[in-house]
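>>> Sharing a sequence plus its predicted fold:
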Amino acid sequence: MPELPEVETVRRGLAPAMEGTRIIRLDLRRGDLRFPFPADFAEKVTGRRIVALSRRAKYLLIDLDDGMTMICHLGMSGSFRIEQGADSAVPGVFHVPRSKDEKHDHVFFHLEGPSGPLRVIYNDPRRFGFMDLMARNALDTYPAFRDLGPEPVGNRMSAEYLAKRFGGKKQPLKSSLLDQKNIAGLGNIYVCEALWRARLSPFAASDSMVTKTGRPKKSLDLLVDSIRAVIDEAILAGGSSLRDHIQTDGTLGYFQHSFRVYDRESEPCLRLDCGGTVRRMVQAGRSTFYCDTCQR
């Protein structure tokens, strides 16, 4: 499933093409994806102007001029393709290549903008993605957002905030970081990378990051800085595709070449003062990559 930086890359790729355009027609080629489309979905958005594209966790949000927001989730295999004239581009960088097979084109946005007509096509071979529609001022009550924690690069995500969440919890640190109620959109790759940067064991108890008085330890401050850094770098690199994948402008996302532990089992730790070896263990059904020498 695409992680936060991949979805943010998609948003940044789509925004210049879609923001300010008017939806001339929404063409739904089937009645559902993972879930049925909202009732009268196409009719409700036709004629509306797209005000802005934003993101919440791993969800793409398309704000319309009537106060409604289209909520889009890419699932395992979903992608958007921009077509204008003879040009076609797939914004974003993913762990596996995205499909351009037209038989999996399920949703067509027919748009009119300052540069003329264009189409944005949603393709999803496995149909695990979905689209929904809700009032922007009620998004906090949407089931997928209701219990989400703050964004990992937002101002609310601080060592003080995490100290309140982690205090008294013996849950492994990695599990707490993956809990979307604590931090929204933080996925397995970036948790492994951030923990390595902060020299913290993924198996340490969460409350070991907190003092007896409930204050964050220096290790928690370092972890917050590491999370911010790894997410920022991944977004700038266009996501963490494990295979080269073309972005909107034709460049490639190379954050995968910056991995320090993820998918590097049995390789030497890249920390110069370490000399350890990267290990892999399974936690809660997910692979954990770490160095058992410098991450303690």
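Yep, that arrived. Numbering: from 1, shown residues only.
>>> quick one, domains of this protein?
Listed by automatic domain parsing, the domain ranges of the chain are 4-141, 159-291.
>>> Can I get these in a markdown table including distance to V153 and mean pLDDT?
(Glycine included, C-beta is placed from N, CA and C.) Listed next are these as a markdown table, based on distance: least, Cβ to Cβ, whole Å; pLDDT from 0 to 100:
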| stretch | distance to V153 | mean pLDDT |
| --- | --- | --- |
| domain 4-141 | 9 | 89 |
| domain 159-291 | 5 | 88 |
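>>> Return the distance of stretch 128-135 from the chain's centre.
16 Å (Cα atoms, centre = their mean, to the nearest Å).
>>> between the domains of the chain, which gets nearest to L148?
domain 159-291 (4.2 Å; Cβ to Cβ).
>>> chain center to the closest one: distance?
Worked out by Cα atoms, centre = their mean, domain 159-291 lies 14 Å from the chain centre.
>>> thinking again about what came up before, would you mind putting the domains of the chain into TSV with distance to D147 and mean neighbour count alongside?
Converted to TSV, those look like this (distance: least, Cβ to Cβ, whole Å; neighbours: other Cβ atoms under 10 Å):
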stretch	distance to D147	mean neighbour count
domain 4-141	10	18
domain 159-291	5	18
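>>> mind listing the strands for this protein?
Along the chain, counting by DSSP state E, strands occupy 22-28, 50-56, 59-64, 68-73, 79-84, 87-89, 105-113, 116-123, 130-135, 278-283, 286-291.
>>> So which of these is nearest K181?
strand 50-56 (14.1 Å).
>>> returning to that earlier point: so which of the strands of the chain is nearest R215?
Among the strands of the chain, strand 286-291 sits nearest to R215 (Cβ to Cβ), with 26.1 Å.
>>> From V224, how far off is the nearest residue to D221 once chain neighbours are set aside?
Spatial nearest neighbour of D221, excluding adjacent residues (Cβ to Cβ, 6 or more residues apart in numbering): A159 at 4.6 Å. From A159 across to V224, the span is 5 Å (Cβ to Cβ, to the nearest Å).
>>> what does S206 give?
Distance, S206 to V224, using Cβ to Cβ: 14 Å.
>>> and what of L74?
Distance from L74 to V224, by Cβ to Cβ: 27 Å.
>>> Equivalent analysis for G187, please.
17 Å.
>>> Ok, D124 next?
For D124, the distance to V224 (Cβ to Cβ) stands at 35 Å.
>>> Select the longest helix from this protein.
What stands out as the longest helix in the chain, according to DSSP state H, is helix 218-237.
>>> Just the CA trace of that one, in PDB.
The C-alpha trace of helix 218-237 is given here as PDB (Å, rounded to 0.1, in the frame of the first residue of the first chain):
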ATOM      1  CA  LYS A 218      16.100  13.100  24.900                       C
ATOM      2  CA  SER A 219      15.700   9.900  22.900                       C
ATOM      3  CA  LEU A 220      12.100  10.800  22.200                       C
ATOM      4  CA  ASP A 221      13.100  14.300  21.000                       C
ATOM      5  CA  LEU A 222      15.700  12.600  18.700                       C
ATOM      6  CA  LEU A 223      13.000  10.200  17.400                       C
ATOM      7  CA  VAL A 224      10.600  13.000  16.500                       C
ATOM      8  CA  ASP A 225      13.400  14.800  14.600                       C
ATOM      9  CA  SER A 226      14.300  11.500  12.800                       C
ATOM     10  CA  ILE A 227      10.700  10.900  11.800                       C
ATOM     11  CA  ARG A 228      10.400  14.400  10.400                       C
ATOM     12  CA  ALA A 229      13.700  14.100   8.500                       C
ATOM     13  CA  VAL A 230      13.000  10.800   6.900                       C
ATOM     14  CA  ILE A 231       9.500  11.800   5.800                       C
ATOM     15  CA  ASP A 232      10.700  15.100   4.400                       C
ATOM     16  CA  GLU A 233      13.600  13.400   2.500                       C
ATOM     17  CA  ALA A 234      11.200  10.800   1.100                       C
ATOM     18  CA  ILE A 235       8.800  13.400  -0.200                       C
ATOM     19  CA  LEU A 236      11.500  15.500  -1.800                       C
ATOM     20  CA  ALA A 237      12.800  12.300  -3.500                       C
END
